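Student: how does the following fold in three dimensions:
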Amino acid sequence: MKKSLLLSVIASTMIMAGGDIALVEPKVEVEAPAPSGWAFNGQGVFYYQTQTLDLSYWGSGDYNFFDQESSFANAGVQLTAVNSDLFAGLGVGVQLNGLGTLGLDKDAVAYPLQAVNGNLNGAYISQLYLTYNIGNTQLKVGRQELPKELSPFAFSEDWSVFKNTFEAFLVINTDIPDTTLAGAWVRGANENGYSFWALDYSDFSGDMGDFHKLNNNDGIWMLTAQNKSLQNLTLTGSWYYADTFMGGDFNVFWLDAQYDAGLVNIGLQGGTVRHDAIDNTNAFGAKISANVVDDVKLCLAYSHVNDSTFGIFQIGGSSSALYTDMIAEEIFSLSQAVWRGYNFRNDNDKFVVGAHANIFNGKLSGKYGYTDFGNNDKTNEFDFTYSTLINEQLDLSITYAYIDSDFFDDSINSIRLVARYNF
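Tutor: As a prediction, the model looks like this:
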């Protein structure tokens, strides 16, 4: 599938925001002005993933852990410079990312998880923006990150090597008491894809250096309002609009409610994608979490997506903001899944139970997900992650995922190892 078609599929299927099953109150806030002058920081990343998978049906063989053909790796360096008051209140930010494989593609891995312009090694500008504050209003224009809490259908993911970014004009205002208003015009996005399908597609996605123009350069409009007038209740609503998009007017409406009841936290979400030329997508979700003992949290989540054209996705990334998203949603890109006829994001009811605990000087988390699709296919998934801080600058995480789906003849096992050094 050509990348132009890939983007059109991604851009036309934005719906349903959520994310990690752990309940976190959504926050849409104006950034506090930083001290004047330049601030510099960076990070170095090593990212490795290997999996077992039987692709004999597609003529690509049966792959095991640590086989070169079923393993992926990236080494990356990120440098960031920000000045909030360059002159006359005008701020600027720039971020440069470098990606490579350290030569591991020669005999240890097949492809990178992220690439630059189709190359194994390269660099790109991930952020380049200007900021300006006028009273309680903040303006930000240029290439930038967009948070899930503010923009649930076009947000920067943090599960891969580096976050995906957007070319956008963003305005945030807090003049109304207990209310934050955020508006954006999103013109372009790079692609935080996943190289998984390189196993039998002879190409890899994740082209971080290519910022695709959305809606023929007309872009997509977004408006988000968040209100905290009622004690312990946070209400957030978002609306996306694009005219003559994919042959018709395109509207997305989404609501999220979060309530802190003391012993438990409750979240509800729901929304719809309306389009003149394709089937409408409707979805909703719910979750509840509670601290059962010290440092141990239990969570339950549920979501439903109707039988529609594409189901749930977001611009520029591979996950959605549904409460029930797990690793399966990350590693199976939407375009390839639809092409092959096993779309993890459409026509299903999904149940997830999870637990988080502080243990062994780190954090251990586990999730179990069960998905019942409209065609009677079933998927069972287990995700386990342990993360720890080696020191103030270095953190490590290891993840194991088991996916048993009727879409495949055999189960999928995946191991992910990530090391990040902040400086």
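
Student: now the helix or strand harbouring residue 274: mean pLDDT?
Tutor: Residue 274 belongs to strand 264-275 when assigned by DSSP states H and E. Taken as a whole, strand 264-275 carries a mean pLDDT of 94.

Student: sheet partners, orientation included, of it?
Tutor: Here strand 264-275 has these sheet partners by DSSP bridges: strand 248-260 (antiparallel), strand 281-293 (antiparallel).

Student: can you give me the buried ones in that strand?
Tutor: Going by neighbour count (16 or more other C-beta atoms under 10 Å), the buried part of strand 264-275 is 265-267, 269-273, 275. C-betas here are computed from N, CA, C, even on glycine.

Student: hey, C-alpha coordinates of it in CSV?
Tutor: Only the C-alpha atoms of strand 264-275 are listed here, as CSV (Å, rounded to 0.1, in the frame of the first residue of the first chain):
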residue,chain,number,x,y,z
VAL,A,264,-12.1,5.0,43.3
ASN,A,265,-11.6,7.0,40.2
ILE,A,266,-14.2,6.6,37.4
GLY,A,267,-13.8,7.5,33.7
LEU,A,268,-16.4,7.6,30.9
GLN,A,269,-15.8,8.4,27.2
GLY,A,270,-17.8,8.4,24.0
GLY,A,271,-18.1,9.9,20.6
THR,A,272,-18.7,9.6,16.9
VAL,A,273,-17.2,10.2,13.5
ARG,A,274,-19.6,11.6,11.0
HIS,A,275,-18.8,11.6,7.3
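
Student: for stretch 300-312, what is the average pLDDT?
Tutor: 90.

Student: over to stretch 174-187?
Tutor: Taken as a whole, stretch 174-187 has an average pLDDT of 96.

Student: which of the residues in that stretch are buried?
Tutor: Those would be 174, 180-182, 184-187, for stretch 174-187 by 16+ other C-beta under 10 Å.

Student: check what contacts that stretch and list those residues.
Tutor: Stretch 174-187 is contacted from outside by 28-30, 135-137, 146, 150-151, 154, 166-173, 213-214, 217, 219-229, 315, using C-beta atoms under 8 Å, 6 or more residues apart in numbering.

Student: dump the C-alpha coordinates for that stretch into PDB.
Tutor: What follows is stretch 174-187, C-alpha atoms only, in PDB (Å, rounded to 0.1, in the frame of the first residue of the first chain):
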ATOM      1  CA  THR A 174      -7.900  30.200  30.500                       C
ATOM      2  CA  ASP A 175      -9.900  33.500  30.800                       C
ATOM      3  CA  ILE A 176     -13.100  31.700  31.800                       C
ATOM      4  CA  PRO A 177     -13.100  30.500  35.500                       C
ATOM      5  CA  ASP A 178     -12.400  26.800  35.900                       C
ATOM      6  CA  THR A 179     -12.300  26.400  32.100                       C
ATOM      7  CA  THR A 180      -9.600  25.900  29.500                       C
ATOM      8  CA  LEU A 181     -10.200  26.400  25.800                       C
ATOM      9  CA  ALA A 182      -7.800  25.000  23.200                       C
ATOM     10  CA  GLY A 183      -8.000  25.400  19.500                       C
ATOM     11  CA  ALA A 184      -5.700  24.100  16.800                       C
ATOM     12  CA  TRP A 185      -5.300  23.900  13.100                       C
ATOM     13  CA  VAL A 186      -3.300  20.800  12.200                       C
ATOM     14  CA  ARG A 187      -1.800  20.900   8.700                       C
END
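
Student: now do residue 84 against residue 129, distance only.
Tutor: For residue 84, the distance to residue 129 (C-beta to C-beta, to the nearest Å) stands at 12 Å.

Student: residues touching residue 301, list them.
Tutor: 21, 285-288, 323-324, 351-354 are the contacts of residue 301 under C-beta under 8 Å, 6+ apart.

Student: how about these in a markdown table, adding neighbour count?
Tutor: Formatted as a markdown table, these follow (neighbours: other C-beta atoms under 10 Å):
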| residue | neighbour count |
| --- | --- |
| 21 | 26 |
| 285 | 25 |
| 286 | 17 |
| 287 | 25 |
| 288 | 18 |
| 323 | 28 |
| 324 | 29 |
| 351 | 14 |
| 352 | 24 |
| 353 | 14 |
| 354 | 22 |
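
Student: nearest to residue 207, of these?
Tutor: residue 324 (28.0 Å; C-beta to C-beta).

Student: look at the closest one and tell me its secondary structure.
Tutor: coil (DSSP: H, G, I helix; E, B strand; the rest coil).

Student: quick one: it and residue 283 touch, right?
Tutor: No: taking C-beta atoms under 8 Å as the definition, residue 324 is not a contact partner of residue 283, at 10.2 Å.

Student: overlap in contacts of those two?
Tutor: With C-beta under 8 Å, 6+ apart, residue 324 and residue 283 have common neighbours residue 303.

Student: which among the strands paired with strand 264-275 is found nearest to residue 192?
Tutor: Closest approach to residue 192 among these (C-beta to C-beta): strand 248-260, 19.7 Å.

Student: so for that closest one, mean pLDDT?
Tutor: According to the model, strand 248-260 has a mean pLDDT of 92.

Student: stretch 78-93 now?
Tutor: Averaged across stretch 78-93, pLDDT comes to 95.

Student: got it, and stretch 190-197?
Tutor: 61.

Student: go on, stretch 316-324?
Tutor: Rounded mean pLDDT across stretch 316-324 is 87.
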